[in-house]
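> Give me the fold of what follows.
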Amino acid sequence: RTWLVRWLMLVAALRVLSAVMGVFEHATLQQSLYPNAQASFTPLCGRVFATWTAVTCALCILCAHSGCEPTSEVFTATMVSFALALIHFVTELCIFKTMTSQSIASPAVVASVSLCWMAAVRVAPARGRWSLAATKRE
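Here you go, the predicted model:
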């Protein structure tokens, strides 16, 4: 789990940069992440994106600080935040068409890798069979 802790801290650092960009450089954020949403991506959208990103950044930091304990609520919340981010980006690409395959690549890879890695940590071998670590409170 040491590498997962480091990964989550790296993701948190990248999210800080994205949050700052959402507040102070919403046009740059729009061009790089939502290139097909020129008319609808307002400064308010940038600030909302920054707020969501800051919350998910805090979750990554809290999860990493707790040692990525797979039975903790913050671990679950962090996993859910990655799932929600992935769902958001896929719907923006496929349904709302505000993203392109190029603009979704980076956030989708980060969300997918994080979600899969956390799921692998959560599902652990126990007593000769696979079981959900989250169901084992000790």
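
> So which residues of the chain form strands?
123-126, 129-132 (DSSP state E).

> Can you pull the poorly scored residue ranges out of the protein?
Under the criterion pLDDT under 70, the flagged ranges of the chain are 125-138.

> now do 80
124-138 (pLDDT under 80).

> Nearest to the spatial middle of it, which residue is it?
F82 (3.7 Å; Cα atoms, centre = their mean).

> can you pull the contacts of it?
Neighbour list for F82: A111, S114, L115, M118 [criterion: Cβ atoms under 8 Å, 6 or more residues apart in numbering]. Just so you know, the C-beta spots here come from the backbone N, C-alpha and C atoms, and that holds for glycine as well.

> any idea how far P35 lies from A50?
As judged by Cβ to Cβ, to the nearest Å, P35 and A50 stand 18 Å apart.

> So which of the two has more stuff around it?
Set P35 next to A50 and count neighbours by other Cβ atoms under 10 Å: A50 wins out with 22 against 14.

> so the more buried one sits right up against E25, yeah?
No. Using Cβ atoms under 8 Å, A50 is not in contact with E25; the gap is 10.1 Å.

> could you dump stretch 49-67 to PDB, C-alpha only?
This file holds the C-alpha atoms of stretch 49-67, laid out as PDB (Å, rounded to 0.1, in the frame of the first residue of the first chain):
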ATOM      1  CA  PHE A  49     -15.100  22.300 -11.100                       C
ATOM      2  CA  ALA A  50     -12.400  23.700  -8.800                       C
ATOM      3  CA  THR A  51     -14.600  23.000  -5.700                       C
ATOM      4  CA  TRP A  52     -15.300  19.400  -6.700                       C
ATOM      5  CA  THR A  53     -11.700  18.900  -7.500                       C
ATOM      6  CA  ALA A  54     -10.600  20.400  -4.200                       C
ATOM      7  CA  VAL A  55     -13.000  18.000  -2.300                       C
ATOM      8  CA  THR A  56     -11.600  15.000  -4.200                       C
ATOM      9  CA  CYS A  57      -8.100  16.300  -3.500                       C
ATOM     10  CA  ALA A  58      -8.900  16.300   0.200                       C
ATOM     11  CA  LEU A  59     -10.200  12.800   0.000                       C
ATOM     12  CA  CYS A  60      -7.000  11.600  -1.600                       C
ATOM     13  CA  ILE A  61      -4.900  13.200   1.100                       C
ATOM     14  CA  LEU A  62      -7.100  11.800   3.900                       C
ATOM     15  CA  CYS A  63      -7.000   8.400   2.400                       C
ATOM     16  CA  ALA A  64      -3.200   8.500   1.900                       C
ATOM     17  CA  HIS A  65      -2.700   9.900   5.400                       C
ATOM     18  CA  SER A  66      -4.700   7.000   6.900                       C
ATOM     19  CA  GLY A  67      -2.400   4.500   5.200                       C
END
